[in-house]
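**Q** coordinates only, sequence not included:
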């Protein structure tokens, strides 16, 4: 279990670091007027709308896995990673996405259609499939109404 925890933790650090570096590079390009793009559309950001958040969630689960490997924490020990996961899913992502919609409008909606996965990094071809399935479901609902 130590090896699994170490792999999850290392993956979390790598995911968060790479996604943050990609975002920093994009923001610098915007400040320096090297791009007109409103939304980042490269790297991990084509896999997930919030890959850095997912890295943070993974880190907390890695800590819980380490606790289990060392003899196990009490049942309530899972409260930390579970609370972080729920906070990101139902608070942080919603607040960030509402702010993006307010600031970026149609560009944000297009990005959201292109990258339907809010947290879990999925390869772009799967994201496109999800986007297609989502669009089909929306059209189906409109026809029923």
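**A** Now that the structure is in, tell me what you want to look at. Every value quoted in this text rests on a predicted model; they were computed, and no experiment measured them. Numbers count the residues shown, from 1 in each chain.
**Q** now the helices for the protein?
**A** Under the criterion DSSP state H, helices of the chain are mapped to 2-31, 51-69, 79-87, 93-104, 106-114, 124-144.
**Q** Take those helices and write them to a markdown table, including mean neighbour count.
**A** To be clear about C-beta, it is placed using only N, CA and C from the backbone, and glycine gets the same treatment. As requested, those are exported to a markdown table (neighbours: other CB atoms under 10 Å):
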| stretch | mean neighbour count |
| --- | --- |
| helix 2-31 | 15 |
| helix 51-69 | 20 |
| helix 79-87 | 15 |
| helix 93-104 | 13 |
| helix 106-114 | 15 |
| helix 124-144 | 12 |
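**Q** Rebuild the ones you listed as TSV, extending it with distance to residue 37.
**A** What follows is those, written out as TSV (distance: least, CB to CB, whole Å):
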stretch	distance to residue 37
helix 2-31	7
helix 51-69	17
helix 79-87	29
helix 93-104	10
helix 106-114	8
helix 124-144	17
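**Q** nearest to residue 42, of those?
**A** Taking CB to CB, helix 2-31 is the member of these nearest to residue 42, at 6.5 Å.
**Q** between that closest one and helix 51-69, how many degrees?
**A** Per axes from the mean of the first three to the mean of the last three CA atoms, to 10 degrees, the angle that helix 2-31 makes with helix 51-69 is 160 degrees.
**Q** and residue 11, what is it in contact with?
**A** 55, 58 (CB atoms under 8 Å, 6 or more residues apart in numbering).
**Q** rerun that using 10 Å as the cut-off
**A** By CB atoms under 10 Å, 6 or more residues apart in numbering, the contact set of residue 11 is 55, 58, 59, 62.
**Q** And it, how close does it get to residue 65?
**A** 12 Å (CB to CB, to the nearest Å).
**Q** Show me the common contact partners of these two, please.
**A** The contact sets of residue 11 and residue 65 do not overlap (CB under 10 Å, 6+ apart).
**Q** for the protein, which spans come out with low pLDDT?
**A** For the chain, the stretches with pLDDT under 70 are 134-145.
**Q** and if we set it to 90?
**A** For the chain, the stretches with pLDDT under 90 are 1, 69-77, 124-145.
**Q** what's near enough to touch residue 57?
**A** Under the criterion of CB under 10 Å, 6+ apart, the neighbours of residue 57 are 12, 15-16, 50, 81, 84-89, 119-120.
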